[in-house]
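Participant: Sequence plus the predicted model coming up.
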Amino acid sequence: MQLTVNGEPVQLSDIGTVGELLDYFRVTHQAVAVMANGEIVAREAFRSFPIKPGDSVEIIRFVGGG
Amino acid sequence: MTMGFSDLPELTIGSYRLRSRLFVGTGKYDTLEVMQEALVASGTDLVTVALRRVNLNNPQEPTILDAIPQGCTILPNTAGCHTAEEAVQVAHLARASGIGDLIKLEVIGDQQLLWPDPIETLEATRRLVQDGFTVMVYTSPDPILADYLQKAGAHAIMPLGSPIGSGQGVLDVSQIQWIKARVSVPVVVDAGIGSPADAAMAMEAGADAVLVNTAIAQSRDPVVMARAMQAAVVAGYWGRMAGRMPKRPQAVPSSPVSGVPHVSA
């Protein structure tokens, strides 16, 4: 299915949840935040929050800043 | 127990109690190792970070949180936001990551000056306070706006000394004094501090704390500069507490004027 992840179009299969998407990109579930179609996904919901074709997902982490 | 010179009274922001009155940013260090050493040397216990997209081509790159010394409270910022709506979203993202409810609210209205947008900042403050955040607000050094921000529930007012990253110091110290006289929440001079002298001056003017990033990160020796900044904050704090002498227009002798010996031939 077609998704937009961090602004990039990606073609993926076998991804059903936010948790599986993070695993696919090998992003640790710790200290990241996820927004799907403008909705913030609670950490506890990563494993259950559904991903559908056409979704736009932002995967965010902390970086240096002032 | 006697208090050492460098132990300052705790500063309370919302429900957070802070030992150090030097807050330190984590941007622009050459390496995470230097940053970590500088943070330790600074003695800080409040450290700012930003939120950005994960690099999906290198998701394993070391996270900044691992390099921040234990015991430091993390203060995420909303840098890069230009509207209240964006800033509120970013604050919620930060909280969703599980590091707490502190937020440094930063809503920029001018890209060249990185000057805060007062209207959007006030609106975002109201909303974030309502949503249960502990809100530390980056603001232009305007005493009236500071009062509005406090009324909106801001937990700390953070006036800029001069534009972010400019190192120009505190351009108008009286603005800090005016703000300090009008709000009861802590006042933190944020942005523009370029040297220890600037930090000391801000503290002497009445700031409860200062936030420093570039002046440490981009100095020739960030670890030594971090230490110097801490010493400056302490000196400025006690200098204020001690009460400086009044300025006078002319000289007043320090030595007795009578009894000067006649030694001329």
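Facilitator: It's in. Predicted model only: the values in this text are computed from it and were never measured.
Participant: all strands of chain A, in order?
Facilitator: For chain A, applying DSSP state E gives strands covering A:2-5, A:8-11, A:32-36, A:39-41, A:56-64.
Participant: For the first one, buried residues please.
Facilitator: Buried residues in strand A:2-5, counting neighbours by 16 or more other CB atoms under 10 Å in any protein chain shown, are found at A:3, A:5. Yep, even glycine has a C-beta here, placed from its N, CA and C like the rest.
Participant: Just checking: what are the partner strands of it?
Facilitator: Using DSSP bridges, strand A:2-5 pairs in its sheet with strand A:8-11 (antiparallel), strand A:56-64 (parallel).
Participant: Bridge partners for the closest residue to B:Ala91 other than its chain neighbours, pull those for me.
Facilitator: Ranked by CB to CB, 6 or more residues apart in numbering or on different chains and with sequence neighbours excluded, the top spatial neighbour of B:Ala91 is B:Ile103, at 4.5 Å. Under DSSP bridges, the beta-bridge partners of B:Ile103 are B:Val135.
Participant: what's the burial count for B:Ile103?
Facilitator: Per other CB atoms under 10 Å in any protein chain shown, the neighbour tally for B:Ile103 reads 26.
Participant: I'd like to know how many residues surround residue 53.
Facilitator: Picking chain A for this. The tally of other residues near A:Pro53 (other CB under 10 Å) stands at 9.
Participant: right idea, wrong chain: chain B
Facilitator: 14.
Participant: contacting residues for it?
Facilitator: A:6-7, A:58-61 (CB atoms under 8 Å, 6 or more residues apart in numbering or on different chains).
Participant: okay if I get these as JSON lines plus distance to B:Ser166?
Facilitator: JSON lines is the format used below for these (distance: CB to CB, whole Å):
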{"residue": "A:Asn6", "distance to B:Ser166": "31"}
{"residue": "A:Gly7", "distance to B:Ser166": "31"}
{"residue": "A:Glu58", "distance to B:Ser166": "31"}
{"residue": "A:Ile59", "distance to B:Ser166": "33"}
{"residue": "A:Ile60", "distance to B:Ser166": "28"}
{"residue": "A:Arg61", "distance to B:Ser166": "28"}
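Participant: farthest pair in these?
Facilitator: Distance extremes for those: the farthest pair is A:Gly7 and A:Arg61 at 15.0 Å, using CB to CB.
Participant: So for the two, which residue has more residues nearby?
Facilitator: Set side by side, A:Gly7 and A:Arg61 show more neighbours around A:Arg61, with 23 against 10, by other CB under 10 Å.
Participant: The more buried one pairs with what?
Facilitator: Under the criterion used (DSSP bridges), A:Arg61 bridges to A:Val32, B:Arg52.
Participant: list the contacts for it?
Facilitator: A:Arg61 sits next to A:31-33, B:51-54, B:63, B:97 when contact means CB under 8 Å, 6+ apart.
Participant: thinking the residue nearest to B:Ala91 is in contact with B:Gly132, fair?
Facilitator: No: between B:Ile103 and B:Gly132 there is no contact, the gap being 10.6 Å when judged by CB atoms under 8 Å.
Participant: who's in contact with B:Pro141?
Facilitator: Going by CB under 8 Å, 6+ apart, B:Pro141 touches B:159-161, B:172, B:175-176, B:179.
Participant: how about 7 Å then?
Facilitator: B:159-160, B:172, B:175-176, B:179 (CB atoms under 7 Å, 6 or more residues apart in numbering or on different chains).
Participant: And the residue of the stretch 1-150 of chain B closest to chain A?
Facilitator: Going by CB to the nearest CB, chain A is nearest to B:Ala50 of the stretch 1-150 of chain B, at 2.6 Å.
Participant: and that residue, helix, strand or coil?
Facilitator: Under DSSP: H, G, I helix; E, B strand; the rest coil, the three-state class of B:Ala50 is strand.
Participant: Report the separation between it and B:Val90.
Facilitator: The gap separating B:Ala50 from B:Val90 is 9 Å, by CB to CB, to the nearest Å.
Participant: residue ranges with poor pLDDT in chain A?
Facilitator: Within chain A, no range satisfies pLDDT under 70.
Participant: near chain B, which residues of it?
Facilitator: Chain A has residues A:5-6, A:25-27, A:31-33, A:35, A:40, A:42-43, A:58-66 near chain B, with proximity defined as CB under 7 Å from any CB of the partner chain.
Participant: at 6 Å what do you get?
Facilitator: By CB under 6 Å from any CB of the partner chain, the residues of chain A that approach chain B are A:6, A:25-27, A:31, A:33, A:40, A:43, A:59-66.
Participant: Which ChimeraX command selects the buried ones in these?
Facilitator: Buried members of the residues of chain A next to chain B, defined by 16+ other CB under 10 Å, are picked up in ChimeraX with:
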select /A:6,25,27,31,33,40,43,59,60,61,62,63,64,65,66
